[in-house]
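J.: Sequence plus predicted model, see below.
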Amino acid sequence: MYKFLRNTHLLLGLFFCFFVMMFGLSSVQMSHRGWMENEPVETKLTVPIDPQNAGTPRALAQYLMDKHGMRGGLNDVKQRPEEMSFLIGRMGTVHEVRYQPGSTEVQVRKKVWPFIGIMVWMHHTFGLDNPYGPNVFWGVLMFLTSVGLLTLGATGIYLWFKIHKERLIGSILLFGGLVFGLTLVSLLWVG
């Protein structure tokens, strides 16, 4: 049992290290926005379109995805008699689409975030009810990461308890980690 839990603890730690580091770095960026550049690069596009392909926001979005390579989920749909607008978004890239019914042009504002911005998007993307498949896959990975980190903690405490000669250093590290974590939470709460 000890050997199995030790190997499980090691493999979980190695596998989830990337996700923990990504969440840590994106948390630092969100807490201290001035430290890292996170402004998107914006491009304005005018896309020609046949008004028959733009009867509804969903039809227009499908046309833009199929013919112009815009990928992502359809969000924030607004349809009024004089204009329809929506977002086609995925982690790090958003297309803001505006169309006036009957027009032969679609106005698109494309925003692309730098790497740290993509990591912040990854930090905020969760759940399994997203219409965009890669975001659902990411939600599954985040669920597995949460379960893996809980398992990592549980196996770590078990292993620490089983090795008698390391109980003192383990107690110090456990207490230090608890103080560090609570300090970070209190700083985020206040800041």
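T.: Happy to help now that I have it.

J.: Which neighbouring elements make contact with the strand or helix carrying Val179?
T.: If you go by DSSP states H and E, Val179 is part of helix 167-190. On a contact count with 3 or more C-beta pairs under 8 Å, 6 or more residues apart in numbering; DSSP states H and E, helix 167-190 meets helix 133-162. Using the backbone N, CA and C atoms, a C-beta is placed for each residue, glycine as well.

J.: tilt between the helix it packs on and helix 167-190?
T.: Put simply, helix 133-162 runs at 140 degrees to helix 167-190, going by axes from the mean of the first three to the mean of the last three C-alpha atoms, to 10 degrees.

J.: tell me the angle of the lowest-mean-pLDDT helix or strand in the chain relative to helix 133-162?
T.: Least confident helix or strand, the chain: helix 115-124 with a mean of 72, by mean pLDDT, DSSP states H and E. Orientation check (the same axes, to 10 degrees): helix 115-124 against helix 133-162 gives 80 degrees.

J.: got the buried residues for helix 115-124?
T.: By 16 or more other C-beta atoms under 10 Å, the buried positions in helix 115-124 come out as Ile116, Gly117, Ile118, Met119, Val120, Trp121, Met122, His123.

J.: Which strands or helices does it pack on?
T.: helix 2-31.

J.: Next secondary structure element downstream of the helix it packs on?
T.: Using DSSP H and E, the next helix or strand after helix 2-31 towards the C-terminus is strand 41-48.
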